[in-house]
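Participant: The following comprises the amino acid sequence and a computationally predicted model.
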Amino acid sequence: QNAAIGFGAGDFDAAAPVEVAADSLEVDQATGRATLTGNVVIVQGDLRLSAERVTVDYATAGGDRSIERLNAMGDVLIVAGEDAAEGQEATYTLGSSDIVLTGDVLVTQGGNTLAGDRLLVNLESGAGTVTGRVRTTLQP
Amino acid sequence: MAASIHPPEGWHTRLVRLGRLVLPVLALMLLSTVFLLARSVDPQDAISFADVDVSERARDQQLTAPNVTGVSADGTAFDLSARMARPDPGDPGLMNAQTVRLVLTGDGRATVTSDFARIDTQQRDLMLDGDVRIDTSTGYRVRTERLEGTLGRLRIVSPGEVTGEGPLGRMRAGSLTIDEDADGAARLLFTGGVDLLYTPPS
């Protein structure tokens, strides 16, 4: 089953600059594929996504490359406003501001936590749904 | 009898007699003015040569626009050219070059330019110095102070910081290595902490 939650304040600016920090960046000269490894931190507006490894998918719209998707792997932590969610893998699509977090997801919001298999968040609307074996623990 | 066959004086014969007189005179006049108007040829002033100090050029050898090409162990072709190169006085195997351009082609292309380079032709080692710029086919344009490494088995490292821009926006990294990974694919490896600032297209 799934549970609808609010995630992040919702007034997310998808065109805000994205700051990325990592230990190292490897670029495959043949395909141009970029892989960031080693405590990668991605900050955009009040979204903060950190992971062990992030690969970049480009969209070559109109010739120049723009980033279409960031794929994060390895103890992923997403913080938006005061909500936080952990998981094993996440995909952040910049255009639509959608984040899909999978791999024993744990969402913590103000004391109570929500566990499930998959979290789908749209940062612009602030709407999120947790699916799979959803278990909630409410702080009394 | 003879007179009768002599035709009356026609305009044609008068014209011919006149021509026989005027034309040679005209020719003489033309001929004389030719020497009058000719430029004075001064055999003394020699053709102007390049004003390079010949003795200096003779003393030390110098290669103009040398070009070294080859292929690294894993198949990356390199083409190293410079405006001018001189063998190192100490060790003839070493060359000091100016305005250097190194083009690496194989998987993708990388062009490295710098002001100076020291090239060890035997070991195929090189050290590029002075405003080193790296421009790759994968859209990275970065600058650093120095690059050192070898072309035998492609591995070129920048000891110092690298700054510039690429598909991931403006970037800064502690160091850059251009080499070939385990299965021989050429790669750029930015290490020592990487900071990127990407602004999404509005």
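Facilitator: Sure thing, it's come through. Residues are numbered from 1 along each chain as shown, chains lettered A, B, ... in the order given.
Participant: pLDDT score for the closest residue to A:Thr137 other than its chain neighbours?
Facilitator: Using CB to CB, 6 or more residues apart in numbering or on different chains and skipping the chain neighbours, the partner closest in space to A:Thr137 is A:Thr113 (5.3 Å). No exception for glycine: its C-beta is placed from N, CA and C like everyone else's. Listed pLDDT for A:Thr113 reads 87.
Participant: What strand or helix carries A:Thr113?
Facilitator: In this assignment (DSSP states H and E), A:Thr113 forms part of strand A:112-122.
Participant: Now that strand: buried residues?
Facilitator: Going by neighbour count (16 or more other CB atoms under 10 Å in any protein chain shown), the buried part of strand A:112-122 is A:113-122.
Participant: Tabulate those (TSV), appending distance to B:Ser40.
Facilitator: Formatted as TSV, these follow (distance: CB to CB, whole Å):
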residue	distance to B:Ser40
A:Thr113	106
A:Leu114	105
A:Ala115	106
A:Gly116	104
A:Asp117	102
A:Arg118	99
A:Leu119	98
A:Leu120	96
A:Val121	94
A:Asn122	92
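Participant: The residue nearest to A:Thr137: what's it in contact with?
Facilitator: Going by CB atoms under 8 Å, 6 or more residues apart in numbering or on different chains, A:Thr113 touches A:106-107, A:136-137.
Participant: My guess is A:Gly128 contacts A:Gly116. True?
Facilitator: No - counting by CB atoms under 8 Å, A:Gly116 is not a contact partner of A:Gly128; they are 10.5 Å apart.
Participant: residues bridging contact with those two, i.e. touching both?
Facilitator: Contact criterion CB under 8 Å, 6+ apart; residues shared by A:Gly128 and A:Gly116: A:Val107.
Participant: which stretches of the chain have low pLDDT?
Facilitator: Picking chain A for this. For chain A, applying pLDDT under 70 flags the ranges A:61-64, A:139-140.
Participant: that's the wrong chain, I meant chain B
Facilitator: Along chain B, the parts satisfying pLDDT under 70 run over B:1-8, B:41, B:45-60.
Participant: Around chain A, pick out the residues from it.
Facilitator: Residues of chain B lying near chain A by CB under 8 Å from any CB of the partner chain: B:106-108, B:110, B:136-140, B:166-169, B:171, B:173, B:181, B:185-202.
Participant: that older thread, now, which of the contacts of A:Thr113 sits nearest B:Ala82?
Facilitator: B:Ala82 lies nearest to A:Leu106 out of these, by CB to CB, at 59.2 Å.
Participant: Assign a three-state SS to B:Ser32, would you?
Facilitator: Secondary structure state of B:Ser32, per DSSP: H, G, I helix; E, B strand; the rest coil, is helix.
Participant: so how many other residues sit close to it?
Facilitator: Neighbourhood size, B:Ser32 [other CB atoms under 10 Å in any protein chain shown]: 9.
Participant: go on, A:Ile67?
Facilitator: Using other CB under 10 Å, A:Ile67 has 22 neighbouring residues.
Participant: Shouldn't it be within a strand?
Facilitator: Yes - checked against three-state DSSP, A:Ile67 lies within a strand.
Participant: how about it, what does it touch?
Facilitator: Counting by CB under 8 Å, 6+ apart, A:Ile67 makes contact with A:18, A:56-59, A:94, B:167-168, B:198, B:200.
Participant: Next: B:Gln123.
Facilitator: B:150, B:152.
Participant: If we use 10 Å, what do you get?
Facilitator: B:93-94, B:150-152 (CB atoms under 10 Å, 6 or more residues apart in numbering or on different chains).
Participant: Most neighbours out of the residues you listed, which is it?
Facilitator: Of all the contacts of B:Gln123, the highest neighbour tally under other CB under 10 Å goes to B:Leu151, namely 24 neighbours.
Participant: Report how many residues lie close to the residue nearest to that residue when sequence neighbours are not counted.
Facilitator: Distance criterion CB to CB, 6+ apart; nearest residue to B:Leu151, sequence neighbours excluded, is B:Arg124 at 4.4 Å. Using other CB under 10 Å, the number of residues around B:Arg124 comes to 18.
Participant: and whichever helix or strand comes after the strand holding A:Thr113, C-alpha only, in CSV?
Facilitator: Per DSSP H and E, the first helix or strand lying C-terminal to strand A:112-122 is strand A:127-131. In CSV, the C-alpha atoms belonging to strand A:127-131 read as follows (Å, rounded to 0.1, in the frame of the first residue of the first chain):
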residue,chain,number,x,y,z
ALA,A,127,3.9,16.0,-2.5
GLY,A,128,5.5,12.6,-1.6
THR,A,129,4.2,9.0,-1.6
VAL,A,130,5.9,6.1,0.1
THR,A,131,5.0,2.7,-1.4
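Participant: Partner strands of strand A:127-131, with direction?
Facilitator: Using DSSP bridges, the strands paired with strand A:127-131 are strand A:2-6 (antiparallel), strand A:112-122 (antiparallel).
Participant: Measure how buried A:Gln29 is and give me the count.
Facilitator: Neighbours of A:Gln29 (other CB under 10 Å): 25.
Participant: Provide a list of residues in contact with it.
Facilitator: With contacts defined as CB under 10 Å, 6+ apart, A:Gln29 is in contact with B:76, B:104-110, B:136-138, B:140, B:178, B:180-181, B:185-188.
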